[in-house]
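Novice: just to be clear, the model below is a prediction. Sequence and coordinates:
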Amino acid sequence: MADLREENQLHRVYKEVDPSAGEFDEHPHRFYATFETENESDATAGPRALIVGDGPRKLGNSTANDYVLAMIARELKHHQYQVVSHSNNPNSLLMTQWLSDKVYLEPMTEEAVARLERPDYAFVPAGKQELGRAIELVSPTTKVVVIEATQIPKNVVSSIPTLEFNGLFDGQVVYQLGVIGGLKDQGVGKYQTLAKRYPAHLESDLATKVTATSERAISQQDTPGLYQVLYQVDRDAEGVHEDVSPLTAPDIAFMTKVLGLGNEPDCHLGPLNDWALLRPGLGQG
């Protein structure tokens with residue numbers, strides 16, 4: 001069906017939501033898609049960025065993902081970008097006028113929105129990379145940035161203690177953001193990385209080894225960003241076993257709060273994800 005529509009140039013148009021059904025002259029800049037002849041949405045003027053929402057789920061990881069997307073929107077507005085959001089989650093922070101200059105609702109056809117808006121950047125959650133590729137096809141000048149933080153976090157269950165070293169990598173230097181310790185589930189007698197405490201209390205020799213090993217592992221990554229190094233502390237073997245992965249949204253939200261970043265009224269660069277997720281995308285050609 002999609003191929004048939006494309007062959008006959010039958011593209012979606014967008015109508016603006018009318019909150020008062022015509023009683024008042026209102027323009028909320030919220031649009032839905034339909035197949036008609038008149039289009040009520042014009043491309044946003046000036047530098048603009050499209051943010052694709054993470055979906056309609058309200059709890060768990062999706063809440064943290066929405067937090068990350070909202071902070072990216074805030075940082076984009078601080079850099080004078082017009083923020084165009086595409087979300088089908090009515091509870092999303094992206095729905096607010098303070099974060100989005102324009103919002104496209106159902107259906108989630110980001111490639112159609114990109115065809116109309118031609119944004120400079122499109123920020124796409126990791127689980128929707130197929131849509132990111134569709135955006136690149138219809139708008140070749142758009143730089144698509146995949147937000148790795150929206151990946152589903154892994155829950156590592158271990159019989160020995162776990163540690164998570166968190167660091168910000170700017171492409172040259174690794175900045176330590178703290179070490180998290182996994183909590184032991186007394187019911188099963190094992191440590192789980194989805195249950196954690198900050199800060200982890202380490203002996204000086206272990207803290208030195210974890211820091212040196214983590215900084216070396218993170219500095220070998222190909223792109224700047226926020227990274228986490230997972231350890232299972234085994235004193236009978238080498239001491240630590242490492243696994244490096246991008247910091248996920250729940251941990252970004254958690255670390256932002258426990259470190260007290262972004263609480264100042266005039267702080268635009270406080271939340272961890274503002275620089276680490278946004279800057280790599282804007283800096284790549």
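Specialist: The structure has been received and is ready for your questions.
Novice: least confident secondary structure element in this protein?
Specialist: Ranking every helix and strand in the chain by mean pLDDT, DSSP states H and E puts helix 272-283 at the bottom, with a mean of 44.
Novice: hmm, His11 and Thr37 touching each other?
Specialist: No: contact between Thr37 and His11 fails when scored by C-beta atoms under 8 Å: they sit 10.9 Å apart. The C-beta positions use only the backbone N, C-alpha and C, and glycine is treated the same way.
Novice: looking at those two, which is more packed in?
Specialist: His11 (15 against 5; other C-beta atoms under 10 Å).
Novice: separation between the more buried one and Val157?
Specialist: To Val157, His11 is 49 Å away according to C-beta to C-beta, to the nearest Å.
Novice: ok, which stretches of the stretch 1-150 of the chain are strands?
Specialist: Assigned strands in the stretch 1-150 of the chain, in chain order: 13-16, 30-34, 48-52, 82-86, 102-104, 121-125, 143-147 (criterion: DSSP state E, counting those that start in this stretch).
Novice: any chance of those in CSV, with mean pLDDT and distance to Asp66 too?
Specialist: Converted to CSV, those look like this (pLDDT from 0 to 100; distance: least, C-beta to C-beta, whole Å):
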stretch, mean pLDDT, distance to Asp66
strand 13-16, 85, 23
strand 30-34, 86, 17
strand 48-52, 93, 11
strand 82-86, 93, 11
strand 102-104, 92, 14
strand 121-125, 89, 10
strand 143-147, 87, 12
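Novice: got a markdown table for those strands, with mean neighbour count too?
Specialist: Output for the strands of the stretch 1-150 of the chain, formatted as a markdown table (neighbours: other C-beta atoms under 10 Å):
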| stretch | mean neighbour count |
| --- | --- |
| strand 13-16 | 17 |
| strand 30-34 | 18 |
| strand 48-52 | 26 |
| strand 82-86 | 25 |
| strand 102-104 | 25 |
| strand 121-125 | 24 |
| strand 143-147 | 20 |
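Novice: closest to Val229 out of those?
Specialist: Checking the strands of the stretch 1-150 of the chain against Val229 by C-beta to C-beta gives strand 143-147 as the closest, at 20.3 Å.
Novice: give me the below-cutoff pLDDT ranges for the stretch 1-150 of the chain.
Specialist: For the stretch 1-150 of the chain, applying pLDDT under 70 flags the ranges 1-2, 5, 56-62, 109-112, 150.
Novice: with the stretch 151-285 of the chain instead?
Specialist: If you take pLDDT under 70 as the line, the stretch 151-285 of the chain has these spans: 186-189, 235-241, 261-285.
Novice: now the helices for it?
Specialist: Assignment of helices within the stretch 151-285 of the chain using DSSP state H, counting those that start in this stretch yields the ranges 204-219, 249-258, 272-283.
Novice: what residues sit buried inside the second one?
Specialist: What that stands for is helix 249-258. Neighbour counts over helix 249-258 (16 or more other C-beta atoms under 10 Å) mark Ala249, Pro250, Asp251, Ile252, Ala253, Phe254, Met255, Thr256 as buried.
Novice: residue contacts, Asp120?
Specialist: Pro47, Arg48, Ala49, Tyr81, Thr141, Thr142, Lys143 (C-beta atoms under 8 Å, 6 or more residues apart in numbering).
Novice: thought the fourth one was touching Ile51?
Specialist: If I follow you right, that is Tyr81. No: look at Tyr81 against Ile51 with C-beta under 8 Å: they stay out of range, at 10.1 Å.
Novice: partner residues bridging the closest residue to Lys196 other than its chain neighbours?
Specialist: Excluding its sequence neighbours, the residue lying closest to Lys196 (C-beta to C-beta, 6 or more residues apart in numbering) is Ile180, at 4.8 Å. When bridges are called by DSSP bridges, Ile180 pairs up with Glu164.
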